[in-house]
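> could you work out the structure for the sequence below:
(one chain, ligands or ions: 1)
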Amino acid sequence: MKKYVFGADLGGTTVKLGFFTTEGKLLNNWEIPTDKSDGGSHIIADIAASIDGFLFGSGIPKDEVEGIGLDVPGAVSKDGLVLTGVNIGWEGTKDAAGELSALTGLAVACANDANAAALGEQWMGSGKDTDSLLMVTLGTGVGAGVIIGGRIVAGAHGSAGEVGHTALFPELTEKCGCGNSGCFEQVCSASGMVKKAEAYQKDGCFAGIPMEEVTPLAIYKAMERKLPEAEAVWASYTEDLGRGLAVFASVLDPDIIIIGGGISHAGEALLSPVRESYRKHVFYPAKDTPIVPAMLGNNAGIYGSARMVLNR
Ligand SMILES: [Zn+2]
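Numbers count the residues shown, from 1 in each chain. Down below sits the predicted model:
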C-alpha cells in the first residue's frame, strides 16, 4: 500500500477533490468548476491537470500515490464504465477511468456518486466498523447507495440501490422523472414533502406560509410550532419514509441505515418517527437496525471515491 490517494467527486457545477492518506485522513481538499461545454469533453483533462498541479506544487512523487477515485452523477457499470452522464453533457458509454488514468499515469476507479457517498460513510463516517449499509440521501431527489462486504454494489445495469425509483406508491398517477409513476422519490424527496403540503393549502397558503415559500425547512419549523397541518405532513412523510426503508431493509438486511441530505438536518425530529414507522413495517428480524444521520456531509463523495481505489 502506498501513502496517498485522491478522491474526485464530479458534480454538475463543481468537481470536489480530496487528497488523503491511505489510512483515510483528509490532508487537503479543493474544488474546480465543471466545464460542461463541448459535451463535457474537457472535464477529465481538467481533473488530471488539477491533480498533476497539486502533486507538482507539493513536491509529492507520483509513486507514493495509490491512485484516483472518481465518482460521477450517472449510472456506472460494475466494470467502472459510465453508462449515462447526462447532467454533465456526456453521451453514450464513456471510459472516464481509462481516460483519467491515461492522462495522469495513475490507477483510477470509477463509480456512481451516491454509491461513492455510501462507501465514504462506511469508511470514515457513520458506518465505520460496519460491513454492510444502506445510505439514503434526501434532497431534490432521493439518492442511495448499498455497501455489502465493504464494497459498492453496482448491479448488472449500474442501478443497484436506486431506491428512489421503487414503485411503492401506486396511488400516485403523476409521472416521475424516470418515466414511471408512484416512485419512492416522488414522495420522500424535498419536493415530495412540499407536494404533501399542497394537499392542505388554503387560500394559496400552507400553515400561514405562501405556497411558493413552502420548503421542507418551513414545514419543519411550522411542525415545531405545533401547527396541525404541518404536524400532519411531517407524520405522513416520516411514515412513508419509514415504510420505504423497511421494504429496502427486508431485501438487504444491512448492519445500519444512514440518512443524509438536507432533510436529515432535522435530526431526531425526523429519525425518531421514521424509526417508529420502520419498526412497524419491517420484517421482524431487522426491526432493531440502527437508523442514523450521515456524518461526512458534502465530503462523503471524495472519501468514498478515495476508498474505491483502495478496494480495487
Ligand atoms: Zn422514478
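> mind listing what Ala117 touches?
Shown in contact with Ala117 (Cβ atoms under 8 Å, 6 or more residues apart in numbering): Asp71, Met135, Thr137, Gly143, Gly145, Gly260, Ala294, Leu296, Ala300, Gly301, Gly304. Glycine gets a C-beta too; all of them are placed from N, C-alpha and C.
> what mean pLDDT does the helix or strand harbouring it get?
Using DSSP states H and E, Ala117 falls within helix 113-124. Mean pLDDT, helix 113-124: 96.
> and it, how far from the chain's centre?
8 Å (Cα atoms, centre = their mean, to the nearest Å).
> can you count the residues close to Leu245?
Residues near Leu245, counting by other Cβ atoms under 10 Å, number 26.
> got it, and Asp240?
Neighbours of Asp240 (other Cβ under 10 Å): 20.
> around the ion, which positions in the stretch 101-250 of the chain sit nearby?
His165, Cys176, Cys178, Cys183 (Cβ under 5 Å from the ion).
> can you redo the residues you listed as a markdown table with neighbour count, secondary structure and pLDDT?
Converted to a markdown table, these look like this (neighbours: other Cβ atoms under 10 Å; DSSP: H, G, I helix; E, B strand; the rest coil; pLDDT from 0 to 100):
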| residue | neighbour count | secondary structure | pLDDT |
| --- | --- | --- | --- |
| His165 | 20 | helix | 94 |
| Cys176 | 20 | coil | 94 |
| Cys178 | 14 | coil | 90 |
| Cys183 | 27 | strand | 97 |
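> show me what residue of the stretch 201-312 of the chain gets nearest to the ion.
Closest contact between the stretch 201-312 of the chain and the ion, by Cβ to the ion, is at Gly244 (12.7 Å).
> can you give me the pLDDT of the nearest residue to that residue once chain neighbours are set aside?
Leaving aside its sequence neighbours, Gly244 sits nearest to Phe184 (Cβ to Cβ, 6 or more residues apart in numbering; 4.9 Å). As predicted, Phe184 sits at a pLDDT of 97.
> which residues does Phe184 contact?
Applying Cβ under 8 Å, 6+ apart, the residues near Phe184 are Val142, Val163, Gly164, His165, Thr166, Leu168, Phe169, Gly244.
> likewise Ser101?
Ser101 sits in contact with Ile68, Ala107, Val108, where contact means Cβ under 8 Å, 6+ apart.
> against Ala96, how distant is the residue nearest to the spatial centre of the chain?
For the chain, the residue sitting closest to the mean C-alpha position, by Cα atoms, centre = their mean, is Ala114 at 3.3 Å. Per Cβ to Cβ, to the nearest Å, Ala114 is found 16 Å from Ala96.
> and this structure, what are its domains?
Split into domains by automatic domain parsing, the chain comes to 4-123+298-311, 130-294.
> out of the ones you listed, which one sits most buried?
Sort the domains of the chain by mean neighbour count, taking mean count of other Cβ atoms under 10 Å, and domain 4-123+298-311 sits at the top with a mean of 20.
> first-to-last residue distance for that domain?
Start-to-end span of domain 4-123+298-311 (Cα to Cα, to the nearest Å) is 14 Å.
> same check, this time on stretch 200-212
In stretch 200-212, first residue to last residue: 14 Å (Cα to Cα).
> residues making contact with it?
For stretch 200-212, the surrounding residues in contact (Cβ under 8 Å, 6+ apart) are Ala197, Glu198, Val214, Ala218, Ile219, Ala222, Leu227, Glu229, Ala230, Ala232, Val233.
> could you do stretch 244-258 as well?
118, 121, 125-127, 130-136, 144, 146-148, 163, 166, 168, 184, 187-188, 274, 277-278, 280-283, 285-286, 289-294.
> now swap in stretch 36-46 and tell me
So stretch 36-46 is in contact with 10, 12, 15, 32, 34-35, 85, 88-91, 96, 99-100, 103, going by Cβ under 8 Å, 6+ apart.
> which of the residues you listed fall in strands?
Using DSSP state E to define strands, the subset of these located there is Leu10, Val15, Ile32.
> ok, of the residues you listed, which one's closest to the ion?
For the ones in strands among the contacts of stretch 36-46, with the ion as the reference and Cβ to the ion as the criterion, the closest is Leu10, at 22.7 Å.
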